[in-house]
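Visitor: 3D model of this:
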Amino acid sequence: MSNRWFRRILGLCPVLVALLWIAGVAHFRGIALSATEWLVVVAGAFSLHVVGRRLSRPAPMPKLPPDSNPVTLAALAAAVVAVPAGLLGGLLELFVESQHPSETSLWLRTVWHGACAYAVCYCGFLLRLTAPRAAPPGT
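Guide: Down below sits the predicted model:
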């Protein structure tokens with residue numbers, strides 16, 4: 001697979017994981033969405049993705065040392081984000097539990113939030129870390 005296709009697929013992964021995240025939360029809460037409602041959710045997610053891509057100006061990434069592995073760096077950065085996201089998700093689930101009880105254990109729901117946050121951040125960081133570098137000015 002070429003680098004171009006790899007980057008395109010990797011760019012779509014955060015949206016797909018976010019949709020999976022929504023599906024998990026809906027399942028935990030016993031919310032059954034119809035096909036039309038899922039179509040609206042998917043269309044909204046991809047629309048936000050396209051608008052966000054067009055409006056964002058990625059900050060330049062520092063040049064990585066030659067012996068560094070972007071996969072490892074992306075994994076470490078995603079872990080740093082996923083732990084607080086999982087804890088925050090667990091706290092929100094604990095708060096919502098009193099209003100809308102769920103049959104799924106609190107620990108599984110907390111891990112779900114952390115894992116989805118990890119996957120979204122990992123794909124985003126890896127996409128930025130593997131971006132082709134622009135040629136230095138004057139060459």
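Visitor: which residue is nearest the centroid of the chain?
Guide: Central residue of the chain (C-alpha atoms, centre = their mean): Val120, 1.6 Å from the mean position.
Visitor: for it, give me its contacts.
Guide: Applying C-beta atoms under 8 Å, 6 or more residues apart in numbering, one finds that Val120 lies in contact with Cys13, Pro14, Val17, Ala18, Trp21. In this view, the C-beta of every residue, glycine as well, is placed from N, C-alpha and C.
Visitor: helices or strands next to the helix or strand containing Gly52 in the packing?
Guide: Element membership of Gly52, judged by DSSP states H and E, is helix 35-55. When contacts are defined as 3 or more C-beta pairs under 8 Å, 6 or more residues apart in numbering; DSSP states H and E, helix 35-55 sits against helix 3-29.
Visitor: quick one: mean pLDDT over the helix it packs on.
Guide: Mean per-residue pLDDT for helix 3-29: 90.
Visitor: thinking again about what came up before, show me which residues of the helix holding Gly52 are buried.
Guide: If you call a residue buried by 16 or more other C-beta atoms under 10 Å, then helix 35-55 has these buried ones: Val41, Ala45, His49.
Visitor: next one: stretch 104-116
Guide: Across stretch 104-116, burial judged by 16+ other C-beta under 10 Å covers Arg109, Thr110, Trp112, His113, Gly114, Ala115, Cys116.
Visitor: CSV for those residues, including distance to Ala75?
Guide: Shown next, in CSV, are the buried residues of stretch 104-116 (distance: C-beta to C-beta, whole Å):
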residue, distance to Ala75
Arg109, 23
Thr110, 20
Trp112, 19
His113, 18
Gly114, 14
Ala115, 13
Cys116, 15
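Visitor: okay, and which of those residues map to strands?
Guide: Counting by DSSP state E, the buried residues of stretch 104-116 place none of their members in strands.
Visitor: coming back round to it: can you check what angle separates the helix holding Gly52 from helix 3-29?
Guide: 140 degrees (axes from the mean of the first three to the mean of the last three C-alpha atoms, to 10 degrees).
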